[in-house]
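Undergrad: task: produce atomic coordinates for the following.
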Amino acid sequence: MTIPADLKYTKSHEWARLEADGSVTVGITHHAQELLGDMVFVENPVVGRKLAQNEECAVVESVKAASDVYAPIAGEIIAANGEVESAPESINQDAYAAWLFKIKPDNAADLGALLDAAAYQALVDSEAH
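TA: Numbers count the residues shown, from 1 in each chain. Modelled structure (predicted):
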C-alpha cells in the first residue's frame, strides 16, 4: 500500500492529519494494522482528556496482540470515533479512513517534528530487514 503523502507519521506507527479547523486527526498506519492482524477491539481516549506528546492514550487489540496508541502531539481530545470502536475491522479495511481520535493541539507546529511519508517508508523498510 502507498503511504499517503499528506499525512505525518510517528515511529510508533500512528498517522496524523492537520484538518482545516486546526484539529489533528489520528489513527494507526496500514503497516501497524498489517503487523497486528484482524482487529477485534478499540479503546479510544475520553473526550476532554489532555495529553502530552507520546502519551499512551488508546488501545487497539487484534487476534494476535494488543497495542498502545500514542498521542503524536500534545493537546486535548476533542472527538473519539465511536464507529471504529463498534467495528474495529474497519481499520483493517482502510487504516487511513478509520481514524481513532481528534486532538486540539497545544501547538500545531509540533506536527513538523513528525515523519513525512518518505521518512516513514524508510522506517518501515528498515524494520522489514
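Undergrad: now the residue most central in space within the chain: how far from Thr10?
TA: Among the residues of the chain, the one closest to the centroid is Gly27, at 2.6 Å (CA atoms, centre = their mean). Gly27 is 11 Å from Thr10, where distance means CB to CB, to the nearest Å. Just so you know, the C-beta spots here come from the backbone N, C-alpha and C atoms, and that holds for glycine as well.
Undergrad: what's the closest non-adjacent residue to Lys102?
TA: Ala79 (4.1 Å; CB to CB, 6 or more residues apart in numbering).
Undergrad: so what's the residue count around the one you found?
TA: Ala79 has 15 neighbouring residues, counting by other CB atoms under 10 Å.
Undergrad: what residues are up against it?
TA: Taking CB atoms under 8 Å, 6 or more residues apart in numbering as the contact definition, Ala79 lies against Ser23, Val47, Phe101, Lys102.
Undergrad: hmm, Ile78 and the last one touching each other?
TA: Yes: counting by CB atoms under 8 Å, Lys102 does reach Ile78; the two are 5.2 Å apart.
Undergrad: which of these two has more residues huddled nearby?
TA: Lys102 (20 against 15).
Undergrad: and the more buried one, what helix or strand is that in?
TA: strand 101-105 (DSSP states H and E).
Undergrad: and that strand, what does it pack onto?
TA: strand 24-28, strand 75-80 (3 or more CB pairs under 8 Å, 6 or more residues apart in numbering; DSSP states H and E).
Undergrad: given that strand, what are its sheet partners and their directions?
TA: With DSSP bridges as the test, strand 101-105 is paired with strand 24-28 (antiparallel), strand 75-80 (antiparallel).
Undergrad: which element follows it toward the C-terminus?
TA: Downstream of strand 101-105, the first helix or strand assigned by DSSP H and E is helix 117-127.
Undergrad: contacts for that following helix next, please.
TA: Counting by CB under 8 Å, 6+ apart, Ile3, Pro4, Ala5, Leu7, Tyr9, Lys11, Thr29, His31, Leu115 sit against helix 117-127.
Undergrad: sweet, I'm off.
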